[in-house]
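> Build the 3D model from these lines:
(one chain, ligands or ions: 3)
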Amino acid sequence: MTAPAVVLVGPPGAGKTTVGRILADRLGVGYRDTDADIEAGAGKPIPDIFIDQGEPHFRALERAAVRDALAGHDGVLSLGGGAVMDDGTRALLAGMPVVFLEVGLHAAVHRVGLDAPRPLLAVNPRQSWRELMEARRPLYTEVARAVVGTDDRTPEDVADAILDALQLKDA
Ligand SMILES: Nc1ncnc2c1ncn2[C@@H]1O[C@H](COP(=O)(O)OP(=O)(O)O)[C@@H](O)[C@H]1O
Ligand SMILES: O=C(O)C1=C[C@@H](OP(=O)(O)O)[C@@H](O)[C@H](O)C1
Ligand SMILES: [Mg+2]
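Residues are numbered from 1 along each chain as shown. Ligands and ions are numbered 1, 2, ... in the order given. Next up is the predicted model:
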């Protein structure tokens with residue numbers, strides 16, 4: 001049984017995917033992203049899963065993807081921004097080296113506001129993102145072992161801050 005070295009959570013635009021890849025490189029380990037696993041398994045992009053089968057179905061696929069990745073991956077793992085909304089997924093994260101990547105509204109909307117592949121932000125990015133964050137902040141905090149801010153930091157600096165927060169430097 002293996003377990004990831006780092007699991008990244010946080011809202012869309014926090015940089016989970018971008019920073020996760022850099023972090024895996026730094027640590028010399030593999031990188032995995034449950035969004036990519038879900039798309040590969042379903043054979044279609046995430047927005048199509050939301051449209052064809054709805055968000056509850058997506059969350060169930062996501063729970064299964066998180067379970068598989070936690071059991072079968074020993075590198076860096078990035079989750080989708082909404083994974084923490086599911087009680088079963090949160091339970092799977094207990095005891096894992098989870099880092100909550102924080103980002104403020106301004107930077108998040110700047111980074112992903114006009115990005116079509118995020119169905120939950122498609123209509124009114126600012127308001128939707130604020131509402132998402134209100135519901136999710138306590139859940140990100142609940143599952144996280146460390147919290148790392150990303151505003152005014154490059155993805156490389158964020159990766160560095162994660163290594164510091166988890167005391168993985170020179171480990
Ligand atoms: N620290 C950062 N500073 C500036 N831009 C960033 C940063 N982290 C990520 N980005 C950019 O924001 C966008 C969303 O990043 P992504 O890694 O997909 O976020 P997430 O997976 O958390 O939704 C990408 O265009 C990425 O290049
Ligand atoms: O916040 C969310 O509910 C979602 C975030 C997305 O991942 P990112 O956080 O990597 O954008 C993706 O899982 C899906 O569009 C749903
Ligand atoms: Mg991502």
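> ok but Val147 is inside a strand, no?
Yes - membership of Val147 in a strand is supported by DSSP: H, G, I helix; E, B strand; the rest coil.
> Look up the closest residue to it, ignoring the ones flanking it.
Phe100 (4.7 Å; C-beta to C-beta, 6 or more residues apart in numbering). In this view, the C-beta of every residue, glycine as well, is placed from N, C-alpha and C.
> I'd like to know how many residues surround that neighbour.
Using other C-beta atoms under 10 Å, Phe100 is surrounded by 25 other residues.
> same question, Lys44
For Lys44, using other C-beta under 10 Å, the count is 14.
> Please apply the same query to Gln167.
Neighbours around Gln167, by other C-beta under 10 Å: 9.
> can you list the residues of the chain near ligand 1?
Counting by C-beta under 6 Å from any ligand atom, the residues of the chain close to ligand 1 are 10, 12-18, 81, 111-112, 150, 153-155, 158.
> Now with 8 Å, please.
8, 10-20, 33, 35, 78, 80-81, 101, 103, 107, 111-112, 115, 118, 150-151, 153-155, 157-158 (C-beta under 8 Å from any ligand atom).
> What about these, which are in strands?
Those of these mapping onto strands are Leu8, Asp33, Ser78, Leu101, per DSSP state E.
> now check the helix or strand bottoming out on mean pLDDT in the chain, is it near ligand 2?
Ranking every helix and strand in the chain by mean pLDDT, DSSP states H and E puts helix 105-112 at the bottom, with a mean of 88. Yes - shown here: helix 105-112 in contact with ligand 2 (C-beta under 8 Å from any ligand atom) through Val112.
> which residues touch that helix?
Contacts with helix 105-112, where a contact means C-beta atoms under 8 Å, 6 or more residues apart in numbering, come from 11-15, 103, 118, 121, 125-126, 129-130, 133, 150-152.
> what about the residue of the chain at minimum distance from ligand 1, how many residues close to it?
Scanning the chain for proximity to ligand 1 using C-beta to the nearest ligand atom identifies Gly15 as nearest, at 2.7 Å. Gly15 has 25 neighbouring residues, counting by other C-beta under 10 Å.
> Equivalent analysis for Asp157, please.
Counted with other C-beta under 10 Å, Asp157 comes out at 14.
> how far away is it from Leu120?
To Leu120, Asp157 is 27 Å away according to C-beta to C-beta, to the nearest Å.
> try Leu105
Counting by C-beta to C-beta, the gap from Leu105 to Leu120 is 15 Å.
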